[in-house]
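Q: Just to be clear, the model below is a prediction. Sequence and coordinates:
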Amino acid sequence: MTYVARKLDTYSKLKKLGEVARFDVCGFPSVFTGKNRKFQRFKFIYPAVGKRGSCVRLFKVLQSNACEGNCFYCANRKDRNFQRINFRPDELAKLFLQYYSKGLVDGLFLSSAINRSVDLSEERMFETVQLLRTRYGYRGYIHYKVLPGTDESIIDAAARLADRLSLNLEAPDAKHLAELSPSKNYASDLVGGLEKIARINRQKPLKAGITTQLVVGAARETDREILNLSGRLYQDYKLWRVYYSAFMPILDTPLEELPPCSPLREYRLYQADFLLRRYGFTPQELPFEKNGNLSQDCDPKLVWALRHEDKFPMEVNKADFHELLRVPGIGRISARRIVETRKQEKFTRLDQLRKTGALTTRAGNFLTLQGRFYGGGERKATGQINEQLFLWEEL
Ligand code: SF4
């Protein structure tokens, strides 16, 4: 490991430690939103998505990039030759507050590499957050990353100060983790850590819940394996979100020659994840291809509908809320409005349906209105109606 050769000033540290922190995702895949562009100048300002699609600017940084771990894909791995840097807790707390008080950021996302030991790294991160909350009276948003192997007492203390806790599982199971990381123990360090966080969150729910992140496309895992895990995490641990991070090869790592994961794969995973969390789908219902992955050509809700022709066209005046949710072009809000509107009047025309917010060019292919079908025989023209879901989601 290469340690700091010369003393860096605080802003140079921020530039470096903010840049590597961006590999930890916490929002909608930026490649599809374009929201990242105006922040590209500041690698440490991360545009997450807030309530109703608003943009929340997170000050996203590592306390340290000096790591004892040697994960095959990671920019901070021990055997990689680059400059190692640490923030002192007070230095980082004050730096964050400078940006916050100028209105340049809305919250903090704090993570760290494993610098010498998990305990020491956690101690430093905890001290940073504690200084912010107690000495400096900061009341805003804090996302605190728990490192694998952290003691439950530290997690418990961090949960009292943070709005959100997360721990990265990285892979859907131990077999795939072995292709990414030589030293992490999937059952005890990762799943065990998430279990501890979930326990604490059950006793006293965190304001912004608990989350995890998976690396996609570096360990030959399938979308089915990933989404089966996500389904279990939502059910058993009440996770707020699972984030999917498309693998990008990093120079001077063992995986530097592996091709990057397509952003579209990441996007389809988010769409399918949305079906699990908000549309009542189970992982078993998701429409995987024979190879265990989702179709890249078409969004998963549409693929599901096309594979269940026996359920369509559906009569909009009779279908219940959950049935309506399965119709491409109808989201949760429009399904609710349809059910409400129906109490007053029957749907007989597409313009009535349009007023609920439904995308009638899509939904019309899967519905009848008082027995009349308005579809133009385009149900299979997937290219024209291939983007079903709008993924704005609160932090
Ligand atoms: S422990 Fe974390 S920071 Fe260290 S090499 Fe592994 S993924 Fe990177």
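A: Here it is on my side, so go on.
Q: thought Val146 was touching Leu165?
A: Yes - between Val146 and Leu165 there is a contact at 5.6 Å, judged by Cβ atoms under 8 Å. Quick note: C-beta positions are derived from backbone N, CA and C, even for glycine.
Q: shared neighbours, the two?
A: Jointly contacting Val146 and Leu165 under the rule Cβ atoms under 8 Å, 6 or more residues apart in numbering are Ile155, Ala158, Ile197.
Q: What about those, which are in strands?
A: Assignment to strands by DSSP state E places none of these there.
Q: Now go through those residues and say which are in helices.
A: Cross-referencing these against helices under DSSP state H gives Ile155, Ala158, Ile197.
Q: The first one: what's it in contact with?
A: What that stands for is Ile155. Ile155 neighbours (Cβ under 8 Å, 6+ apart): Val146, Leu165, Gly193, Lys196, Ile197, Ile200.
Q: That one and Leu255: what is the separation?
A: 30 Å (Cβ to Cβ, to the nearest Å).
Q: again with the second one
A: Counting by Cβ to Cβ, the separation of Ala158 from Leu255 is 31 Å.
Q: neighbour count winner among these two?
A: Between Ala158 and Leu255, counting by other Cβ atoms under 10 Å, Ala158 is the more crowded of the two (24 against 19).
Q: Grab the nearest non-local neighbour of the more buried one.
A: Nearest non-adjacent residue to Ala158, counting by Cβ to Cβ, 6 or more residues apart in numbering: Tyr144, 5.0 Å away.
Q: List the beta-bridge partners for the one you found.
A: Beta bridges link Tyr144 to Leu110, Leu165, judged by DSSP bridges.
Q: hang on, isn't it packed against Arg164?
A: Yes - if you go by Cβ under 8 Å, Tyr144 and Arg164 touch, sitting 7.1 Å apart.
Q: Return the helix or strand in the chain with minimum mean pLDDT.
A: Counting by mean pLDDT, DSSP states H and E, the chain has its least confident helix or strand at helix 30-33, which shows a mean of 44.
Q: Out of the ones in helices among the shared contacts of Val146 and Leu165, flag the one nearest to Asp90.
A: Closest approach to Asp90 among those (Cβ to Cβ): Ala158, at 17.8 Å.
Q: Was I right to think that closest one contacts Phe126?
A: Yes - Ala158 is within contact range of Phe126, at 5.9 Å (criterion: Cβ under 8 Å).
Q: where are the low-confidence patches of the chain?
A: Counting by pLDDT under 70, the chain has low-confidence residues at 1-6, 20-42, 50-53, 376-395.
Q: Using the three-state scheme, assign the residue nearest to the spatial centre of it.
A: Most central in the chain under Cα atoms, centre = their mean is Tyr243, positioned 2.5 Å from the mean C-alpha point. Using DSSP: H, G, I helix; E, B strand; the rest coil, the structure places Tyr243 in strand.
Q: Let me know how buried Arg278 is, in neighbour terms.
A: Applying other Cβ under 10 Å, we find 14 residues neighbouring Arg278.
Q: ok, now the one 10 residues further on?
A: For Phe288, the count of nearby residues is 18 (other Cβ under 10 Å).
Q: I'd say it and Leu294 touch.
A: Yes - counting by Cβ under 8 Å, Phe288 touches Leu294, with 6.2 Å between them.
Q: between the two, what contacts are shared?
A: Contact criterion Cβ under 8 Å, 6+ apart; residues shared by Phe288 and Leu294: Asp223.
Q: Tell me the buried residues in stretch 128-143?
A: Buried residues in stretch 128-143, counted by 16 or more other Cβ atoms under 10 Å: Thr128, Val129, Gln130, Leu131, Leu132, Arg133, Tyr138, Tyr141, Ile142, His143.
Q: Dump these to TSV, plus secondary structure.
A: Shown next, in TSV, are the buried residues of stretch 128-143 (three-state DSSP):
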residue	secondary structure
Thr128	helix
Val129	helix
Gln130	helix
Leu131	helix
Leu132	helix
Arg133	helix
Tyr138	coil
Tyr141	strand
Ile142	strand
His143	strand
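Q: wait, which of those is closest to the ligand?
A: Distance to the ligand, by Cβ to the nearest ligand atom, is smallest for His143 among the buried residues of stretch 128-143, at 16.2 Å.
Q: ok, now which ones touch that closest one?
A: Cys26, Leu58, Gly107, Leu108, Phe109, Leu110, Ala162, Asp163, Arg164, Leu165, Ser166, Ala208.
Q: How is the last one classified with respect to secondary structure?
A: Yep, that's Ala208 we're talking about. At Ala208, secondary structure determined by three-state DSSP is coil.
Q: Leu239 versus that one, what's the distance?
A: Taking Cβ to Cβ as the measure, Ala208 and Leu239 are separated by 12 Å.
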